[in-house]
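Visitor: what follows is a protein structure lacking sequence information:
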């Protein structure tokens, strides 16, 4: 599986609809559970990929740090990543993107609850933005990660009955929801995984409905999320 040449912005700027591109030096991590291929910057004749903070060479699979001022995800070596795992580190500008995947089989979403959100697609992800002070919804599309209008009151009601929905860390984790004929699934995932998927769908999209390759990429992504997800532990 090839890797996307750059991650999408993870925070939609006011006034826009589709999330814009970040620096071409930022490489997306492989889809969770996938075997990474060599990145474009590591192919023959090209310089190897390096940490955006200290220039240390990076492995194809590496961590990301959210730059909240620039609304961007940056590639980080392990040492730099660990600097920003504590709240308030970097004066609040940088946040390490966690690597946890959660599910809540005890409290599945129903089709009626999903319909109440009035999202026009079957796959979307939602994150709470500290800069905007609200939850934002996005879905993969031919334009990349595209923002969708979200009924915030309906989302709040959903959070009251589904603890996983309110468990995502602000800015760096998202709630991923998939609606299919078999039912509705929801997971807590790292935000970089969502934008990796959005970038891949943008590259693969064909025709009106995305085409077979895009649909296969989504199924592979969801399969790997299911494999990595652990059950949410209720608070005591």
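Guide: Good, I have the coordinates. Bear in mind the structure is a predicted one, so any value in this text is a computation, not a measurement.

Visitor: and the residue nearest the centre of the chain, what does it touch?
Guide: Centrality entry for the chain: nearest residue to the mean C-alpha point is residue 194, 2.4 Å, by CA atoms, centre = their mean. Contacts were defined as CB atoms under 8 Å, 6 or more residues apart in numbering; by that measure residue 194 touches 125, 127, 138, 145, 174, 176. From N, CA and C alone the C-beta is placed, and that goes for glycine too.

Visitor: name the SS class of it, please.
Guide: What DSSP: H, G, I helix; E, B strand; the rest coil gives for residue 194 is helix.

Visitor: need the max-distance pair from the contacts of residue 194.
Guide: Greatest spacing in those, by CB to CB: 145 and 176 (12.4 Å).

Visitor: buried subset of the contacts of residue 194, written for ChimeraX?
Guide: Buried residues within the contacts of residue 194, by 16 or more other CB atoms under 10 Å, are selected in ChimeraX with:
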select :125,127,138,145,174,176
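
Visitor: export the contacts of residue 194 to CSV and tack on secondary structure, pLDDT and distance to residue 60?
Guide: Putting these into CSV (DSSP: H, G, I helix; E, B strand; the rest coil; pLDDT from 0 to 100; distance: CB to CB, whole Å) gives the following:
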residue, secondary structure, pLDDT, distance to residue 60
125, strand, 96, 24
127, strand, 94, 25
138, strand, 94, 25
145, strand, 89, 22
174, strand, 96, 23
176, strand, 96, 23
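
Visitor: now, among the contacts of residue 194, which is nearest to residue 106?
Guide: Checking the contacts of residue 194 against residue 106 with CB to CB, the nearest one is residue 176 at 17.9 Å.

Visitor: where do the helices of the protein begin and end?
Guide: Remark: helices assigned in the chain by DSSP state H are 78-83, 111-117, 152-161, 191-204, 211-228.

Visitor: residue 98 is nearest to which of the ones you listed?
Guide: With distances scored as CB to CB, the stretch of the helices of the chain nearest to residue 98 is helix 191-204 (9.1 Å).

Visitor: against residue 74, how distant is the residue lying closest to residue 83 once chain neighbours are set aside?
Guide: Leaving aside its chain neighbours, residue 83 sits nearest to residue 89 (6.1 Å; criterion: CB to CB, 6 or more residues apart in numbering). For residue 89, the distance to residue 74 (CB to CB, to the nearest Å) stands at 14 Å.

Visitor: low-scoring stretches of this structure, by residue?
Guide: By pLDDT under 70, the weakly predicted segments of the chain are 1-47, 235-236.

Visitor: wait, residue 217 touches residue 196, no?
Guide: No. Applying CB atoms under 8 Å as the test, residue 217 and residue 196 come out as separate, 10.3 Å apart.

Visitor: circling back: so between residue 89 and residue 74, which is more surrounded?
Guide: Taking other CB atoms under 10 Å, residue 89 and residue 74 do not tie; residue 74 has more neighbours (22 against 15).
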